[in-house]
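**Student:** quick one, what's the 3D model for this:
(one chain, ligands or ions: 1)
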Amino acid sequence: MSPPTSEERRDVLAGRLAAVRERLDAAARAAGRDPSDVALLTVTKFFPASDAVLLHELGCERFGESREQEASAKIAVFRESVDAPVEWHMIGRVQRNKARAVARWAHTVHSVDSLRLVQAFEKGARAALDTGERTGPLRALLQVSLDGDRERGGVVAEDLPALAEAVAASEVLELGGLMGVPPLGWEPERAFEQLHAMHARLLQDHPAAVELSAGMSGDLEHAVRWGSTCVRVGTAVLGYRPLA
Ligand SMILES: *Cc1c(COP(=O)(O)O)cnc(C)c1O
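**Tutor:** As a prediction, the model looks like this:
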């Protein structure tokens, strides 16, 4: 079989995207929420820039990536075809030595989980503002650990207030809200209910931190029920990723 043409690929992506949008609309309505309050972040990691270009033609304006080098290369190719402003979001773990590079291209980072990483992004965002690589603050979502396991990434509940303060105190970072991923083996309802409670507590001290990044291909309905404002969907739109 010959590889799919761009037309064939567009049809596949269009069909899957429509199905995901329908799921999102239905989930929002079932939760008594306005569907326009839940943003779709299409996760293009492992897929080529050409897919992002097709998805942009199909109305997607936000893309999620999880590795700095892959993202930088892809965005450069994407920009050869698309002039319009789109948002690129970093959703994967970031090593501190990559924060400067991420600050060049990221509208939002979903995976801020330590004070040292805040400092690295603070420096990186400041440098990117100085050179004109970015024009506005870097929006930071704090990734929380729902099971308290510090090894797997995410800030534990007791450390969350200090981390939020550190981001809020920065002139070049903007505290956007929280991000969470259900721990392996957990019921999504339990995970997202807990995440929602942590977000409610954060909002008491930081009323502008309204974003809640929660929900992926397999569990977005549960996340929307518990207040997600941004679902990160890869597989359901782009298909299965090749095994790394
Ligand atoms: C890859 C990834 C996603 C997308 O997951 P799918 O199950 O493919 O929708 C969402 N969030 C994070 C943090 C990811 O790394």
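**Student:** and residue 129, how far is that from the ligand?
**Tutor:** 26 Å (Cβ to the nearest ligand atom, to the nearest Å). All C-beta atoms are positioned from the backbone trio N, CA, C, and that covers glycine.
**Student:** next, the residue nearest to the spatial centre of the chain: phi, psi?
**Tutor:** In the chain, the residue lying closest to the centroid (Cα atoms, centre = their mean) is residue 91, at 4.6 Å. Main-chain dihedrals, residue 91, degrees, to the nearest 10: phi -110, psi -10.
**Student:** quick one: contacts for it?
**Tutor:** Counting by Cβ atoms under 8 Å, 6 or more residues apart in numbering, residue 91 makes contact with 41, 43, 64, 65, 66, 110, 111, 179, 213, 232.
**Student:** sticking with residue 162, tell me its helix or strand.
**Tutor:** Applying DSSP states H and E as the criterion places residue 162 in helix 160-168.
**Student:** which elements pack onto that helix?
**Tutor:** With contacts taken as 3 or more Cβ pairs under 8 Å, 6 or more residues apart in numbering; DSSP states H and E, helix 160-168 sits against helix 115-131, strand 138-143, strand 173-179, helix 188-205.
**Student:** out of these, nearest to residue 103?
**Tutor:** Nearest to residue 103 among the helices and strands packed on helix 160-168 is helix 115-131 (3.5 Å), distances taken as Cβ to Cβ.
**Student:** would you map the helices across this protein?
**Tutor:** Using DSSP state H, the helices assigned to the chain run over residues 6-30, 49-57, 68-81, 99-105, 115-131, 160-168, 188-205, 220-225, 235-238.
**Student:** buried sites along the last one?
**Tutor:** In other words, helix 235-238. By 16 or more other Cβ atoms under 10 Å, the buried positions in helix 235-238 come out as 236, 237, 238.
**Student:** quick one: the last one from residue 42, how far?
**Tutor:** When you say that, I think you mean residue 238. 7 Å (Cβ to Cβ, to the nearest Å).
**Student:** can you put the contacts of residue 91 in JSON lines and add neighbour count, distance to the ligand and pLDDT?
**Tutor:** Output for these, formatted as JSON lines (neighbours: other Cβ atoms under 10 Å; distance: Cβ to the nearest ligand atom, whole Å; pLDDT from 0 to 100):
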{"residue": "41", "neighbour count": "24", "distance to the ligand": "8", "pLDDT": "99"}
{"residue": "43", "neighbour count": "26", "distance to the ligand": "4", "pLDDT": "98"}
{"residue": "64", "neighbour count": "24", "distance to the ligand": "7", "pLDDT": "98"}
{"residue": "65", "neighbour count": "25", "distance to the ligand": "9", "pLDDT": "98"}
{"residue": "66", "neighbour count": "20", "distance to the ligand": "5", "pLDDT": "98"}
{"residue": "110", "neighbour count": "29", "distance to the ligand": "7", "pLDDT": "98"}
{"residue": "111", "neighbour count": "22", "distance to the ligand": "7", "pLDDT": "98"}
{"residue": "179", "neighbour count": "28", "distance to the ligand": "8", "pLDDT": "98"}
{"residue": "213", "neighbour count": "28", "distance to the ligand": "8", "pLDDT": "99"}
{"residue": "232", "neighbour count": "25", "distance to the ligand": "4", "pLDDT": "98"}
